[in-house]
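[1] sequence unknown, structure follows:
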């Protein structure tokens with residue numbers, strides 16, 4: 001067997017050491033490169049997940065805009081509840097107004113009944129009822145009205161009392177105007193006047209605002 005000389009052994013040892021050193025150097029560089037690549041990939045993945053976090057949510061049926069709108073709606077829940085409560089109060093008030101109008105305003109004017117009321121009122125206030133005449137029926141935008149004239153004789157106080165008692169009628173009677181004329185004085189009836197009253201009697205009428213309000217069925221507040 002050939003034995004290497006001492007110089008040859010030294011040379012072989014140096015060669016092996018150089019190779020080993022190169023191996024370790026290449027391995028360290030490779031590890032650094034690999035670590036850098038992995039870190040870069042993790043950074044990119046983290047950024048993508050942060051930008052598209054909604055994609056990982058359990059609900060895939062709604063868009064990001066819909067989710068945003070839902071969150072905004074929930075944040076306004078207190079204000080919405082206040083608005084709902086105010087709407088309930090307004091609905092109740094409207095319902096009360098409609099019921100009051102329905103109770104107060106007749107669907108039509110019973111002229112014979114109104115004439116009988118004026119006759120009885122004249123007797124109760126001690127005035128002389130000379131004439132009651134129905135004039136015109138008019139249906140406007142808001143309500144319908146029946147116009148009439150009523151002529152009475154009596155003292156000024158009696159006529160004022162007659163006018164003050166008109167609201168006692170079962171259906172509304174409005175006095176639009178009064179024309180007074182002093183009557184000829186008699187020995188037993190001094191200071192008497194002749195009064196001509198212009199009267200209006202409202203009713204619901206067809207296709208009027210009053211008819212729409214009365215016929216409106218408001219929903220129950222819940």
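    Everything's here; your move. These figures come from a predicted structure and were not determined experimentally. Numbers count the residues shown, from 1 in each chain.
[2] Every contact and neighbour count from this point should use C-alpha atoms.
    Noted.
[3] Just after the one helix or strand in the chain whose mean pLDDT sits lowest, pick out the following helix or strand.
    Lowest by mean pLDDT, DSSP states H and E among the helices and strands of the chain is helix 6-51, with a mean of 56. Using DSSP states H and E, the helix or strand that follows helix 6-51 in sequence is helix 64-75.
[4] got the domain boundaries for the protein?
    The chain resolves into domains spanning 1-53, 72-222 when parsed by automatic domain parsing.
[5] Lowest average pLDDT across these?
    Ranked by mean pLDDT, the domains of the chain end with domain 1-53 at the bottom, a mean of 56.
[6] what kind of secondary structure is residue 200 in?
    strand (DSSP: H, G, I helix; E, B strand; the rest coil).
[7] Let me see the contact set for residue 134.
    By C-alpha atoms under 8 Å, 6 or more residues apart in numbering, the contact list for residue 134 reads 111, 146, 147, 148, 149.
[8] Could you report the neighbour count for the closest residue to residue 206 other than its chain neighbours?
    In space, and not counting its chain neighbours, residue 206 is closest to residue 139: 7.6 Å by C-alpha to C-alpha, 6 or more residues apart in numbering. Applying other C-alpha atoms under 10 Å, we find 16 other residues in the vicinity of residue 139.
[9] ok, residue 139 touching residue 147?
    No. Taking C-alpha atoms under 8 Å as the definition, residue 139 is not a contact partner of residue 147, at 11.2 Å.
[10] So what pairs up with residue 175 in the strands?
    Taking DSSP bridges as the rule, residue 175 bridges to residue 199.
[11] who's in contact with it?
    By C-alpha under 8 Å, 6+ apart, the contact set of residue 175 is 163, 197, 198, 199, 200.
[12] Can you give me the buried ones in the helix or strand where the first one lies?
    Assigning secondary structure by DSSP H and E places residue 163 in helix 156-164. If you call a residue buried by 16 or more other C-alpha atoms under 10 Å, then helix 156-164 has these buried ones: 156, 158, 159, 161, 162, 163.
[13] which residues touch that helix?
    Contacts to helix 156-164, defined as C-alpha under 8 Å, 6+ apart, come from residues 121, 122, 125, 126, 127, 152, 153, 175, 191, 192, 193, 195.
[14] One more: stretch 115-125?
    Contacts with stretch 115-125, where a contact means C-alpha under 8 Å, 6+ apart, come from 128, 129, 132, 158, 159, 161, 162, 165, 169.
[15] ok, 10 Å please
    Residues from elsewhere that reach stretch 115-125 (C-alpha atoms under 10 Å, 6 or more residues apart in numbering): 111, 126-134, 150, 152-154, 157-163, 165-166, 168-170.
[16] rewinding a little: from the contacts of helix 156-164, which two are the most distant?
    175 and 191 (23.2 Å; C-alpha to C-alpha).
[17] Can you point out the buried residues in the helix or strand encompassing residue 180?
    Using DSSP H and E, the element containing residue 180 is strand 174-182. Under the neighbour-count criterion of 16+ other C-alpha under 10 Å, strand 174-182 has 174, 175, 180 buried.
[18] follow-up on the earlier one: closest to residue 83 among the contacts of residue 175?
    residue 200 (41.5 Å).
[19] so what's that closest one up against?
    Listed by C-alpha under 10 Å, 6+ apart, the contact set of residue 200 reads 134-137, 144-149, 172-177.
[20] Could you do residue 152 as well?
    The contact partners of residue 152, by C-alpha under 10 Å, 6+ apart, come to 122, 127-132, 158-159, 162, 180, 193-197.
[21] All set now, cheers.
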